[in-house]
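K.L.:
Sequence first, predicted coordinates after that:
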Amino acid sequence: MRTTVGIIGGGPAGLLLARLLHRAGIACVVLESRTRAYAEGRQRAGMLEQGTVDALRAAGAADRLDVEGMVHHGIELRFDRERHHLDFPALTGGRTVTIYAQTEIVKDLIALQLADGPPLLFEAEALAVEQPQSEAPVVRFRHEGRQRTLRCVWVAGCDGSHGVARNAFPAASGRTYAHDYPYSWLGVTAEVPPSCDELIYARHARGFALHSMRSPQVSRFYLQVPRGTSLRDWSDERIWDELAARFAVDADWTLRRGPITARSVTEMRSLVHEPMRHGRLVLAGDAAHIVPPTGAKGLNLAVSDVRLLARAFTELHAHGSARLLDGYSDLCLRRVWQATRFSYDMTRMLHAQPDGDAFDYRMQLARLRRITASRHAAAELAANYTGLPLSP
Ligand code: RFL
Ligand code: PHB
């Protein structure tokens, strides 16, 4: 097989890149290691920045998002049994965020691509990227029991945090910066209407809790749990009791309970791989960087990488100029480091340190009080949460 851009990974990054390249008249092929059902069912992100929504609209992939997406005008911070609303439009000059699950974005993009897009192969596992520094890089992959090759002009590694594209970077050509957090998130989906209109981020001495949602009938929750926690230790009753304790406020508010339909544990990690390009191989999304989910930035960063990358390929294709591709890694990384900082700060401000002392807790409360008391401090959080500009 031959193509112009070989895309490894059919997650949000790979699928959106394929859509944007196809619309610009650039040939591409997407290789996805999993089945369609698995790729469409993987529960993950839910919060979209305005720029992400705009990008999906511009790609003609937002018909269902525009109907089913829930526009949110802020978030709620809870601590010390108090509730504090942050009004995003007032703090950011009109910006909002939208709740629409990553599973639905992936379904929408897959349907569009299978209807009239470039080839998308499921159960096609990339094994290696070869000769990334030559003018003809090759992706070796396994499909229907056979080893095959995809000959490319460029390769885009959109294969997430456990992918193979990054292995083609020689150790000496870059550096990986990583930070592990000493806790994990237990995520659950429940068949119960949300008990709130906005996402609730709760800081509690027992640990962090987040109330999110998937639809007017389905809620999504996260609990800070010790690293290495086993799902077996968490009965439904224990999950609901823990959520109720961490969200408890003095005001009149109760948590609605219902059947839990999915649960998983995610470790918390920050990771940035520099640079994001080696010869004719470029990385986008989780393949290049991971953030802890507290800032809700992972999917949004994947989309902003892809917007910049598609723009760069389009300039090369239309005008023969590699200027944007040459600047791709540096431009992306500036935004990536800002999101990494924001996610780190949110995580540190809202989670109970396992070995934390009373001083740490006081510092967290002081940060939270500053945000709820100062319009400047709140505006800084709101600007980061709703999304910084695509290029500084
Ligand atoms: P993905 O989604 O991991 O997709 C990579 C795809 O590549 C495939 N693949 C391969 N294909 C072929 N050959 C190989 N060798 C391959 N190796 C892997 C995989 O099967 C997969 O289909 O990466 P992408 O596209 O970069 O997208 C990134 C996002 O998925 C991720 O950043 C977000 O889900 C992170 N995240 C959140 N981000 C947000 O912006 N807002 C949120 O509210 C949010 N909440 C979350 C999250 C991530 C979470 N978890 C589970 C990590 C909440 C959670 C709990
Ligand atoms: C989610 O809905 O899955 C979600 C929302 C906000 C976050 C993390 C996850 O910060």
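P.N.:
Yep, it's here. Ligands and ions are numbered 1, 2, ... in the order given.
K.L.:
do the helix or strand where Asp54 lies and ligand 2 meet at all?
P.N.:
Element membership of Asp54, judged by DSSP states H and E, is helix 50-58. No. With CB under 6 Å from any ligand atom as the measure, helix 50-58 is seen stopping short of ligand 2, the closest distance being 12.8 Å. All C-beta atoms are positioned from the backbone trio N, CA, C, and that covers glycine.
K.L.:
Please work out which residues outside that helix touch it.
P.N.:
Outside helix 50-58, the residues within contact range by CB atoms under 8 Å, 6 or more residues apart in numbering are 16, 48, 62, 65-66, 69, 95-98, 100, 105, 299-300, 303-304, 306-307, 386-387, 390.
K.L.:
chain center to that helix, what's the gap?
P.N.:
With CA atoms, centre = their mean, to the nearest Å as the basis, helix 50-58 stands 14 Å off its chain's centre.
K.L.:
so after that helix, what's the next helix or strand?
P.N.:
Going C-terminal from helix 50-58, and assigning secondary structure by DSSP H and E, you next hit helix 63-68.
K.L.:
That next one packs against which elements?
P.N.:
Identification of packing neighbours for helix 63-68 by 3 or more CB pairs under 8 Å, 6 or more residues apart in numbering; DSSP states H and E yields helix 50-58, helix 102-116.
K.L.:
closest to ligand 1 out of the ones you listed?
P.N.:
When the helices and strands packed on helix 63-68 are ranked by proximity to ligand 1, the top entry is helix 102-116, at 5.4 Å, counting by CB to the nearest ligand atom.
K.L.:
Next secondary structure after that closest one?
P.N.:
strand 120-121.
K.L.:
Tell me which of the helices and strands packed on helix 63-68 sits most buried.
P.N.:
Highest mean neighbour count of the helices and strands packed on helix 63-68: helix 50-58, a mean of 19 (counted as mean count of other CB atoms under 10 Å).
K.L.:
do it and ligand 1 meet?
P.N.:
No. Judged by CB under 6 Å from any ligand atom, helix 50-58 makes no contact with ligand 1; its nearest approach is 7.6 Å.
K.L.:
quick one, that helix and helix 102-116 angle?
P.N.:
What separates the directions of helix 50-58 and helix 102-116 is an angle of 20 degrees, with axes from the mean of the first three to the mean of the last three CA atoms, to 10 degrees.
K.L.:
How about the residues of the stretch 201-350 of the chain by ligand 2?
P.N.:
For the stretch 201-350 of the chain, the contact set with ligand 2 under CB under 6 Å from any ligand atom comprises Leu210, Ser212, Arg220, Pro293, Thr294, Ala296.
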